[in-house]
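> Everything below, folded, please.
(one chain, ligands or ions: 2)
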Amino acid sequence: MQLLNQVMISGNLLERFRNAERLLALTGAGISAESGVPTFRGGGDTAVWKGMPFDVVSSAQMVNRDLPAVWEWFDYRRQLLNALKPNAAHLELASWQSRFRNFNLVTQNIDGLHQLAGSRDVIELHGSIWSARCTTCHSRQQINREGERADACLDCGDPVRPDVVLFGEMLPAGAFETAAEAARSCELCFVIGTSALVYPAAALPEIARDSGAFVCEVNPEITPLSNLCHEVLTGKAGEVLPLISAAAKV
Ligand code: BJW
Ligand code: ZN
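Ligands and ions are numbered 1, 2, ... in the order given. Have a look, this model is predicted:
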């Protein structure tokens, strides 16, 4: 057992981290908290999105009822995100992709910070704030960092909406299936910065564990998943993840 900056990392985890070939990381809003992105439900003394209750404005009903209000909410968030940078946790995960033979990064986040940190092939379960899609033909268009976006679809002219997954909506085609396959085949699964309340994302660590993986949670707070995990590292992602790599070298 190594005691690093008050986080106890077991020798068992370090041994698995050194030898694993297939690793899965599932991330949630908490991994972006140290970049200054508010979380949805708090925890770890982090700021929470305020102004509008997100479960009302981030709902499928709201898209039908008041699309301009939905855009106002997402335009505001994109503007905030534009000034923010990936933190040590995003950068650490980006470095893990070359460390393991098979590394899959699955995120519930829509902020694009993993990609900015250099992660490739990120499985975005809940879509991206940097994309819009047509309400009719589902054609997608990117929104650039300057935030310019069209209100209408380039293909059919109908209104576009944020390309994100709201409560009651289906995840992007194939995203959960690909993530579930990665969960079934990984040896080591890290669950980082998620309250593990939203399904089907919260099912992935259970799938990994049921398939024989060692599951480790990184979060300053206890979650409904904590009991299921083989190891819980209580702390901030930006501090804990670099410690794991550093300790594995020793
Ligand atoms: C730190 C930290 C630091 C702080 N370091 N950590 C099965 C059972 C029950 C319900 C369902 C079920 N299957 C489906 C459902 C319904 C629903 C659901 O899950 N409801 C539950 C809430 C009860 N799921 C859905 O509707 C999903 N769709 C679906 O299942 O489709 C199939 C279907 C369709 C129709 C009918 C039936 C089935 C879609 C879910 C979409 C979620 N969308 C949102 C909004 C996205 C757009 C936007 O950004 O506005 O996604 S909700 C919001 O929650 C967002 C997040 O991705 C998601 C998860 O939140 P996350 O990431 O866990 O953040 P927080 O804030 O909750 O937690 C932060 C954590 O970080 C805390 O633990 C802190 O302690 C920690 N932390 N600082 C590390 N420095
Ligand atoms: Zn269209």
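
> By mean pLDDT, point me to the weakest helix or strand of the chain.
The weakest-scoring helix or strand in the chain, judged by mean pLDDT, DSSP states H and E, is strand 2-4 (a mean of 52).

> quick one: the longest strand along the chain near ligand 2?
For the chain, the strand with the greatest residue count under DSSP state E is strand 127-134. Yes. Strand 127-134 comes into contact with ligand 2 (CB under 5 Å from the ion), by way of residue 134. For the C-beta atoms, the positions are set from N, CA and C on the backbone; glycine is no exception.

> what's the helix or strand following that strand packed up against?
With elements assigned by DSSP states H and E, the helix or strand that comes after strand 127-134 is strand 140-142. The contact analysis (3 or more CB pairs under 8 Å, 6 or more residues apart in numbering; DSSP states H and E) places strand 140-142 against strand 127-134.

> go again using 10 Å as the cut-off
Under the contact criterion of 3 or more CB pairs under 10 Å, 6 or more residues apart in numbering; DSSP states H and E, strand 140-142 touches strand 127-134, strand 160-164.

> Kindly spell out which helices and strands sit in contact with the longest strand of the chain.
For strand 127-134, the elements it packs on are helix 67-82, strand 140-142, strand 160-164, judged by 3+ CB pairs under 10 Å, 6+ apart.

> that older thread, check the helices and strands packed on strand 140-142 for me and report the most buried one.
Among these, strand 160-164 has the highest mean neighbour count (mean count of other CB atoms under 10 Å), at a mean of 22.

> quick one, it and helix 67-82 angle?
Between the axes of strand 160-164 and helix 67-82, defined by axes from the mean of the first three to the mean of the last three CA atoms, to 10 degrees, the angle is 50 degrees.

> Show me what the helix or strand immediately after strand 160-164 in the chain is in contact with.
Using DSSP H and E, the helix or strand that follows strand 160-164 in sequence is helix 175-185. For helix 175-185, contacts defined as CB atoms under 10 Å, 6 or more residues apart in numbering pick out 22-26, 102-107, 121, 123-127, 165, 170-172, 189, 199-201, 203-213, 215.

> before we move on, back to that, could you confirm whether the longest strand of the chain reaches ligand 1?
No. Using CB under 6 Å from any ligand atom, strand 127-134 never reaches ligand 1; the gap is at least 7.0 Å.
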